[in-house]
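Chemist: Sequence isn't available, so here's the structure alone:
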């Protein structure tokens, strides 16, 4: 029987510090998401929706490849943010350059071929907006002010904002980010997380990272802790009986909220945005169980519940 | 402008008709019908400390069941706690076998007594066990307690009995153990099971 003798250094010693922040990998992020959405769509009750979202992610990948580095905050600004533990790419403070709208128009052009009539109409409505109106739309979306927003257009604008912030977050140096005291918001852009991922491999084995809904950065937070109120009491996990074990809802009985948690050990291919969309049933069951969701997904906006 | 960034996002069956999914021309009807057939399964992950040695590795214990509904939790998996600074998710072979330790059919659940020379274990009550231990401890201490040494200095020591406690105890139980054992004059006292 042949025995493999492993060389020294093959197993990473635990003395290597795991990264606090994982910057987005811009070259593969949206391509992988697109493939994940397409494979989740197979035999799914919302197959047509997931497939279109797959096309949208593909368009995000395309738009990102066609755009260079956007205008980054200057060194002084970055240093100031770092000193005060503030996100250097904060949605409320950063001045977007015009390239986010270029990304948007690339995305719209590419997805219009696959879009149904209602989405085509939404695309036309966005294309009719002036630059100022687009910026106002983006500001409202980023500040979570969804009341009265054109919800059919919102995921398309959200997708373009994701592309813009991924370009920013992947262009900064790892040393540019602060390690803030508050762990519930993205240290890069200050946004809420979409979900968290329990990772596999190397020093990240078994560690939980929260995944930013906007810039797709991931930051470490210890497990069995509420990602909304940071309580470590009353944490439990719900999944659908007989369903996907890689996707659970982490609930907190202290603040009555939940956020999905994905286990790469159960399925290596999980993507926070894609698997969140595909597990809409879990959201509905969690709502019925009396828990409120604490983080957004910029590709799906809930309607008013008393509509 | 809405500035509260600590809002909740209510995704519910009633709101699906007005959601971005529906207004983009996709029907949530099939997915909503499917939800009716699904049931939620509750599980917990709990931090604990390995009971074996004084390295005190962090553990994650996974259990199934609903504590809120008074059902008994069933531990289904135990692994090293990746967030724990001591072991960072790793466990030694002994710690990795803890699930079998928890569910072992040979686990001692009540006091048993084997008389000297006998091969048979007999179940006894807690009261009998406490009385017997107290009697034997007192008899041994009365017989062997040393109040003064050869030079006449007070030493108050008791060398014929030792005490083995647990390395993974909390500070509080460590304090109590120390108080009880030392106030009896006992010197042989160990908290490490010597893996």
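Modeler: Yep, that arrived. It should be emphasised that the depicted structure is a prediction, and the values quoted were computed from it without experimental measurement.

Chemist: What segments of the chain are helices?
Modeler: In the absence of a named chain, this looks at chain A. A:29-41, A:47-66, A:75-83, A:99-112, A:117-127, A:131-142, A:154-171, A:272-278, A:280-288 (DSSP state H).

Chemist: right idea, wrong chain: chain B
Modeler: Going by DSSP H, chain B shows helices at B:20-23, B:29-35, B:93-96, B:98-103, B:126-144, B:171-183.

Chemist: Mind telling me which residue is nearest the centre of chain A?
Modeler: residue A:213 (3.2 Å; Cα atoms, centre = their mean).

Chemist: For it, grab phi and psi.
Modeler: The phi/psi pair for residue A:213 (degrees, to the nearest 10) reads phi -70, psi -20.

Chemist: how about the residue of the stretch 201-307 of chain A found nearest chain B, what does it touch?
Modeler: In the stretch 201-307 of chain A, the residue that lies nearest chain B is residue A:303 (2.6 Å; Cβ to the nearest Cβ). From N, CA and C alone the C-beta is placed, and that goes for glycine too. Contact partners of residue A:303, counting by Cβ atoms under 8 Å, 6 or more residues apart in numbering or on different chains, are A:151, B:15, B:16, B:17, B:18, B:19, B:20, B:22, B:23.

Chemist: and which of these is nearest residue A:17?
Modeler: Distances from residue A:17 to those, taken as Cβ to Cβ, are shortest for residue B:20 (40.1 Å).

Chemist: Could you confirm whether the longest strand anywhere in chain B reaches chain A?
Modeler: For chain B, the strand with the greatest residue count under DSSP state E is strand B:40-49. Yes. For a cut-off given as Cβ under 8 Å from any Cβ of the partner chain, strand B:40-49 has contacts with chain A, namely B:40, B:41, B:42, B:43, B:44, B:45, B:46, B:47.

Chemist: Looking at the residues you listed, state which has the most neighbours.
Modeler: residue B:42 (22 neighbours; other Cβ atoms under 10 Å in any protein chain shown).

Chemist: Could you report the separation of the residue of the stretch 201-307 of chain A closest to chain B from residue B:20?
Modeler: According to Cβ to Cβ, to the nearest Å, residue A:303 stands 8 Å off from residue B:20.

Chemist: Residue B:83 now?
Modeler: Taken as Cβ to Cβ, the span from residue B:83 to residue B:20 is 36 Å.

Chemist: higher neighbour count, these two?
Modeler: Counted by other Cβ under 10 Å, residue B:83 and residue B:20 do not tie: residue B:20 has more neighbours, with 26 against 20.

Chemist: give the contact list for that one.
Modeler: Residue B:20 neighbours (Cβ under 8 Å, 6+ apart): A:151, A:152, A:154, A:155, A:299, A:300, A:301, A:302, A:303.

Chemist: and the two most separated of these?
Modeler: A:299 and A:303 (14.7 Å).

Chemist: circling back to that earlier point, tabulate the helices of chain A in CSV, adding columns for mean pLDDT and distance to chain B.
Modeler: Below are these laid out as CSV (pLDDT from 0 to 100; distance: least, Cβ to the nearest Cβ, whole Å):
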stretch, mean pLDDT, distance to chain B
helix A:29-41, 98, 12
helix A:47-66, 97, 4
helix A:75-83, 93, 17
helix A:99-112, 96, 11
helix A:117-127, 97, 3
helix A:131-142, 96, 7
helix A:154-171, 97, 5
helix A:272-278, 98, 9
helix A:280-288, 95, 4
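
Chemist: For residue B:108, give its distance to chain A.
Modeler: 30 Å (Cβ to the nearest Cβ, to the nearest Å).

Chemist: farthest residue from the center of chain B?
Modeler: Chain B, Cα atoms, centre = their mean, max distance from centroid: residue B:25 (53.0 Å).

Chemist: Could you give the bridge partners of residue A:197?
Modeler: residue A:209, residue A:262 (DSSP bridges).

Chemist: Can you tell me how far it is from residue A:100?
Modeler: From residue A:197 to residue A:100 the distance is 26 Å (Cβ to Cβ).

Chemist: Mind checking which of these two has more residues around it?
Modeler: Set residue A:197 next to residue A:100 and count neighbours by other Cβ under 10 Å: residue A:197 wins out with 25 against 22.

Chemist: Let me know whether the more buried one touches residue A:266 as I believe.
Modeler: No. At 11.3 Å, residue A:197 does not count as touching residue A:266 under the criterion of Cβ atoms under 8 Å.

Chemist: how about low-confidence regions in chain B?
Modeler: Along chain B, segments meeting pLDDT under 70 span B:1-7, B:67-71, B:193-195.

Chemist: Please parse it into its domains.
Modeler: Chain B breaks down into these domains under automatic domain parsing: B:8-38, B:43-103, B:112-190.

Chemist: In TSV: those, plus distance to residue A:272.
Modeler: Formatted as TSV, the domains of chain B follow (distance: least, Cβ to Cβ, whole Å):
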stretch	distance to residue A:272
domain B:8-38	15
domain B:43-103	19
domain B:112-190	36
